[in-house]
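Visitor: could you look at this predicted model? Sequence included:
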Amino acid sequence: MALTKYKLGTLIELLNDRNTDLQYGIDDVRGVNNLKKLMPTKADLNGRNLSKFQIVKPENFVFNHRTSRNGSKFSIAFNDTDSAIICTEDYVVFRIKEECKNILNPLFLYMYFNRDEFDRYVITNSWGSSTEFYNWEDLCDIDIELPSLAVQQKYVNVYQSMLANQKSYEQGLEDLKLVCDAYIEDLRRKMPCEEIKPYISELNERNTELNIHNVQGVNSSSSFDDTKANMTGIDIHNYKIVKKGQFAYNPSRINLGSIALLQGNDCVVSPMYIVFGIADKNKLLPEYLMMWYSRKEFQRSTLFYATGSVRDTFDFDVMQEVKIPIPDIKIQQDIVNIYQAYIMRKEINEQLKAQIKNLCPILIKGSLEEGENGEIKEF
């Protein structure tokens, strides 16, 4: 048993299957993120000609050849579902050649792509001036060493086993989310809704003493994360302070989910953000209010009520007009307890996914060692 070296381009083929008959619609459009997953697109598809979009069938790969401003990651994904999706014509779609499936397992190749070493290789070999690219020809030029198909399959089985466990856990997670949503919906039907204006107050504490250097932004997943802005030379004296239990949101992106409740250490956010808190926590729990902000219905309503000329904004005056049912504080706490259990399990699920991704380089290394040494390793 030994390793065999190939040019990747001899094992894969470029595809150009277009959605010309519009068999697939907006709900089937996916993008590729730098976590190497297919995701619902964030692009505005109004007026887009979907007949030009490419079809990505099961066991097809797809990647974005633009590598600039992508977190030093290469956005490539594998359609491991039973259904086809469509993606923009700017992406590159390919598959393993039919006659080469006895040489290279598709999931083994996906594991190969899921390594930090591969990301570093791609970023190092990307080219361009203002925008860097890693193209189809560059991918084809990769030298790849492969063990036998049987060895590949053994390590793929380990990967699939862990992935199945994670998916099973994730399904239970979604069931818990359904309980939360049903509880909220039941309240909305049974109780009158009232404006939240009496319960919230805008905050405008600035970082004038420069006591806080933790600059954060609010992402579309309704959570705080390190700002993506270039902070070189930026004066943060005027940045707004957010403390634990307070909210911050981007008034121009709240319709995408950019509102969050701070659960950790104090931070500062851009002066363009709006920061507010709960005036009386004996009447309204911050976590209960955050549940409402996390609903897709709320995001859609912000787009409807936002006002502006060049850019629509959802200012604090409009926020105060938001109406929700406000039950007894004990009922709020019961709902929050369920929701917090969901959040905790969601965090565990993210950790499981990270562990699976981190396992890929270990599995690839083990398969290459087994192929090179001719040893049969037992798990």
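Guide: Right, received. Where do you want to start?
Visitor: now stretch 173-190: how far from the chain's centre is it?
Guide: 23 Å (CA atoms, centre = their mean, to the nearest Å).
Visitor: next SSE downstream of the helix or strand bottoming out on mean pLDDT in the chain?
Guide: None of the helices or strands of the chain scores lower by mean pLDDT, DSSP states H and E than helix 296-305, at a mean of 82. Counting by DSSP states H and E, the next helix or strand C-terminal to helix 296-305 is helix 316-319.
Visitor: report the buried residues of that following helix.
Guide: residue 319 (16 or more other CB atoms under 10 Å). Where you see a C-beta, it was placed from the backbone N, CA and C, and this is true even at glycine.
Visitor: for the remainder of this discussion, apply numbering that starts at 13.
Guide: Happy to do that; since the first residue is 13 now, the last one works out to helix 328-331.
Visitor: who are the contact partners of the nearest residue to residue 178 once chain neighbours are set aside?
Guide: Excluding the flanking residues, the one nearest residue 178 by CB to CB, 6 or more residues apart in numbering is residue 364, at 4.5 Å. By CB atoms under 8 Å, 6 or more residues apart in numbering, the contact set of residue 364 is 177, 178, 181.
Visitor: tell me what the helix or strand harbouring the second one is packed against?
Guide: Counting by DSSP H and E, the element that carries residue 178 is helix 161-202. Using 3 or more CB pairs under 8 Å, 6 or more residues apart in numbering; DSSP states H and E, the elements in contact with helix 161-202 are helix 118-125, helix 298-305, helix 341-385.
Visitor: and the angle for it with helix 298-305?
Guide: For helix 161-202 against helix 298-305, the angle by axes from the mean of the first three to the mean of the last three CA atoms, to 10 degrees is 100 degrees.
Visitor: if you average pLDDT over helix 161-202, what comes out?
Guide: Averaged across helix 161-202, pLDDT comes to 89.
Visitor: and the chain, what are its domains?
Guide: If you go by automatic domain parsing, the domain ranges for the chain are 16-158, 204-338.
Visitor: measure the shortest one end to end?
Guide: Read it as domain 204-338. End-to-end distance for domain 204-338: 8 Å, by CA to CA, to the nearest Å.
Visitor: thinking again about what came up before, could the contacts of residue 364 be laid out in JSON lines, adding distance to residue 359?
Guide: Below are the contacts of residue 364 laid out as JSON lines (distance: CB to CB, whole Å):
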{"residue": "177", "distance to residue 359": "17"}
{"residue": "178", "distance to residue 359": "13"}
{"residue": "181", "distance to residue 359": "12"}
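Visitor: ok, of these, which one's closest to residue 240?
Guide: Checking the contacts of residue 364 against residue 240 with CB to CB, the nearest one is residue 178 at 27.5 Å.
Visitor: could I get the contacting residues of residue 62?
Guide: 31, 34, 36, 37, 38, 41, 98.
Visitor: now for these, which pair is the farthest apart?
Guide: Between all members of the contacts of residue 62, the farthest pair (by CB to CB) comes out as 34 and 41, at 12.1 Å.
Visitor: when those two are compared, which one has more neighbours?
Guide: residue 41 (19 against 11; other CB atoms under 10 Å).
Visitor: neighbours of the residue nearest to residue 66 when sequence neighbours are not counted, how many?
Guide: Excluding the flanking residues, the one nearest residue 66 by CB to CB, 6+ apart is residue 105, at 5.0 Å. Other residues near residue 105 number 21, with proximity taken as other CB under 10 Å.
Visitor: follow-up on the earlier one: contacts for the least confident helix or strand of the chain, please.
Guide: So helix 308-317 is contacted by 266, 267, 268, 269, 304, 324, 326, 330, 333, 334 (CB under 8 Å, 6+ apart).
Visitor: what ranges do the helices span in the stretch 13-162 of the chain?
Guide: For the stretch 13-162 of the chain, applying DSSP state H, counting those that start in this stretch gives helices covering 118-125, 128-137, 148-152, 161-202.
Visitor: roughly how far is the last one from the heart of the chain?
Guide: By that I understand helix 161-202. Using CA atoms, centre = their mean, the offset of helix 161-202 from its chain centre is 16 Å.
Visitor: before we move on, the earlier item: Serialize the domains of the chain to a markdown table and add fields for distance to residue 349.
Guide: A markdown table is the format used below for the domains of the chain (distance: least, CB to CB, whole Å):
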| stretch | distance to residue 349 |
| --- | --- |
| domain 16-158 | 30 |
| domain 204-338 | 9 |
